[in-house]
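Chemist: Turn this into a structure:
(2 chains)
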Amino acid sequence: MIEYVNSNSPLHRLDPRSKIIFALCVMAAAIITSSYLMLAFLIIVSAIVWIIADVPFRKLKHVFLILLVFIIMGMITQAVFYTDRPDYTGTKTVIFNLLPYNVPIIGFLPVTVEGIMYGVVFSMRMVAVLLAPMIVPFTTHPSDMILVLREMRFPEWMILLITMSIRFIPLTFQNFYTIRNAQKLRKIKTGFHDLMLLMETLLITSLKTSKQTALSLETKAFGYSSKRTSLKTIKFGKKDVIFSAFSVAVLGIVLMNTSGIWIKSLNI
Amino acid sequence: MSDETIKKTRFYFTNREIVMIAAFFALMIMSGFVWFAGSAVGIPLHGILWGIILIAAAIVIGKKYTILTIGVIYTLIDFSSANMYGGTLTALNTLAGAVVLEAILQMASPYASKLKLNLIGIFLFGLVSRAVYISIIVFVYGMTIPLWLAVGYYILPHLITFPIGGYLGFKIGNKVKNVVEAV
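Modeler: Numbers count the residues shown, from 1 in each chain, chains lettered A, B, ... in the order given. I've put the predicted structure just below:
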């Protein structure tokens, strides 16, 4: 669902660390602020970066679906529960009640105007929190992420583990479909017992594959030397510094707005 | 190469164990896809599947820090893919649960060999990971959610499904361990 999209966009050429900085800055900014304007600003900035990333629209289908779920969930829950919290002191304009009777503990579940308004803020925050970090896996090749981990002096066994984990995900899916198809060939309905058998077989198949992989690692003397070299190297260049500075500036704008400096300087 | 250098370069886990952990990790990622079938399927199945995988991983690999390593790797990858409701920060819930489960599993000697401790550990994994998840959603992102919903929907079902998965994982893990060692 979230996979690397091969392209030569400016974002693809950036060092992964600068993209991680961008994601962290947008996330921090989204958590700090509750302003519609600032959250909209963060979403627009992330959307522009997505456009620069040159990811085909069809690849983003799932992302939009997730965003839609986030928005709906955020809106519904906050519309009902926001004014119901014990420390809420503001006004409460009830539009309608979800339940016709006062159910013990649960109550009427009233949908309020204030709740919907906060639901918009919450949904915008969740969208901003999701949009920015998702740029990283879409525009960074897994091998580049591995290089970043090596640059960050992660233990070599942990890097191997992450590499192998990424490698094993499609393999496990392939094994799952093979076993599932074999089960389907034998009977139509599948019960809990069959699921357990599937799990057991999948475990054994995966572990047998892992044994073969480990053997090939051993034959190549993996782990003999602590110093590993790579054909590809990554460098935090001028463009990365500019992009990181832009990310920090985005966070700065939100921080200034939140702390009121922006408003004071504009005499609003 | 001198003995000291070889000692330095040797990993805590052997290559075989690392690849086996990767295989279990891939299974965890795959079982996360049950959420796409909706909450009605996700809630009961996710806990059972994770319980099976985590306890089976601890039994099959049988080395200290297995669960902690899986937790760290899962958090790292989840952190960079932001595939949960709540984005990247909520990835920390797996790490929090893994720390607790690891501590409990280490009480048994050999590692993860006692069913009762495994069940307590996986129960606490479910409790801690879900509580941390809810805490992040509520205190960091500012979601307003009543206590009855947080407990009844997000925490309580997992306290039942994770131990069921843990029990099945204990049975499957021992069986798989014998098969893998024999192959």
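
Chemist: give me the number of residues near residue 122?
Modeler: Going with chain A. Neighbourhood size, A:Phe122 [other CB atoms under 10 Å in any protein chain shown]: 26. (C-beta placed from N, C-alpha, C; glycine too.)

Chemist: looking at chain B here, not the other one
Modeler: Per other CB under 10 Å, the neighbour tally for B:Ile122 reads 33.

Chemist: likewise A:Ser210?
Modeler: Counted with other CB under 10 Å, A:Ser210 comes out at 25.

Chemist: now A:Ile31
Modeler: Other residues close to A:Ile31 by other CB under 10 Å number 17.

Chemist: Same check on the one 5 residues further on?
Modeler: A total of 12 residues lie near A:Tyr36 under the criterion other CB under 10 Å.

Chemist: Say whether chain B is contacted by the longest helix along chain A.
Modeler: For chain A, the longest helix by residue count, based on DSSP state H, is helix A:156-186. Yes - contact of helix A:156-186 with chain B (CB under 8 Å from any CB of the partner chain) involves A:156-158, A:160-162, A:164-169, A:171-173, A:176.

Chemist: Where does B:Val128 fall, secondary structure wise?
Modeler: Using DSSP states H and E, B:Val128 falls within helix B:115-135.

Chemist: A:Ile71 too?
Modeler: helix A:61-81.

Chemist: list the helices and strands the following helix or strand past that helix packs on?
Modeler: Sequence-wise, the next helix or strand downstream of helix A:61-81 (DSSP H and E) is strand A:94-97. Secondary-structure packing of strand A:94-97 (3 or more CB pairs under 8 Å, 6 or more residues apart in numbering or on different chains; DSSP states H and E): strand A:110-112.

Chemist: centroid residue for chain B?
Modeler: Chain B has B:Leu54 as the residue nearest its centroid, 4.9 Å off, counting by CA atoms, centre = their mean.

Chemist: give me every residue that touches residue 166.
Modeler: All of this is about chain A. Applying CB atoms under 8 Å, 6 or more residues apart in numbering or on different chains, we find A:Ile166 in contact with A:Pro142, B:Ile77.

Chemist: try chain B instead
Modeler: Counting by CB under 8 Å, 6+ apart, B:Gly166 touches B:Gly51, B:Ile52, B:Leu54, B:Ile55, B:Asn118, B:Leu119, B:Gly121, B:Ile122, B:Phe123.

Chemist: Same list (these) but as JSON lines, adding pLDDT and distance to chain A.
Modeler: Converted to JSON lines, the contacts of B:Gly166 look like this (pLDDT from 0 to 100; distance: CB to the nearest CB, whole Å):
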{"residue": "B:Gly51", "pLDDT": "94", "distance to chain A": "11"}
{"residue": "B:Ile52", "pLDDT": "94", "distance to chain A": "6"}
{"residue": "B:Leu54", "pLDDT": "95", "distance to chain A": "12"}
{"residue": "B:Ile55", "pLDDT": "96", "distance to chain A": "12"}
{"residue": "B:Asn118", "pLDDT": "95", "distance to chain A": "16"}
{"residue": "B:Leu119", "pLDDT": "96", "distance to chain A": "18"}
{"residue": "B:Gly121", "pLDDT": "96", "distance to chain A": "19"}
{"residue": "B:Ile122", "pLDDT": "96", "distance to chain A": "16"}
{"residue": "B:Phe123", "pLDDT": "96", "distance to chain A": "20"}
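
Chemist: okay if I get the residues you listed as CSV plus distance to B:Lys64?
Modeler: Below are the contacts of B:Gly166 laid out as CSV (distance: CB to CB, whole Å):
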residue, distance to B:Lys64
B:Gly51, 20
B:Ile52, 21
B:Leu54, 15
B:Ile55, 15
B:Asn118, 15
B:Leu119, 19
B:Gly121, 13
B:Ile122, 17
B:Phe123, 20
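
Chemist: coming back round to it: PyMOL command to pick out the buried ones of the residues of helix A:156-186 next to chain B?
Modeler: In PyMOL syntax, the buried subset of the residues of helix A:156-186 next to chain B is picked out as below (16 or more other CB atoms under 10 Å in any protein chain shown):
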select buried, chain A and resi 156+157+158+160+161+162+164+165+166+167+168+169+171+172+176
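
Chemist: per-residue confidence averaged over the longest helix of chain A?
Modeler: Mean pLDDT, helix A:156-186: 85.

Chemist: Measure how buried A:Leu37 is and give me the count.
Modeler: Residues contacting A:Leu37 under the criterion other CB under 10 Å number 10.

Chemist: Please identify the helix or strand for it.
Modeler: Using DSSP H and E, the element containing A:Leu37 is helix A:36-53.

Chemist: What residues of that helix count as buried?
Modeler: Neighbour-count burial for helix A:36-53 [16+ other CB under 10 Å]: A:Met38, A:Leu39, A:Phe41, A:Leu42, A:Ile43, A:Val45, A:Ser46, A:Val49, A:Trp50, A:Ala53.

Chemist: So the fourth one sits against A:Cys25, correct?
Modeler: Yep, that's A:Leu42 we're talking about. No - with contact defined as CB atoms under 8 Å, A:Leu42 does not reach A:Cys25; the gap is 9.4 Å.

Chemist: Nothing else from me, thank you.
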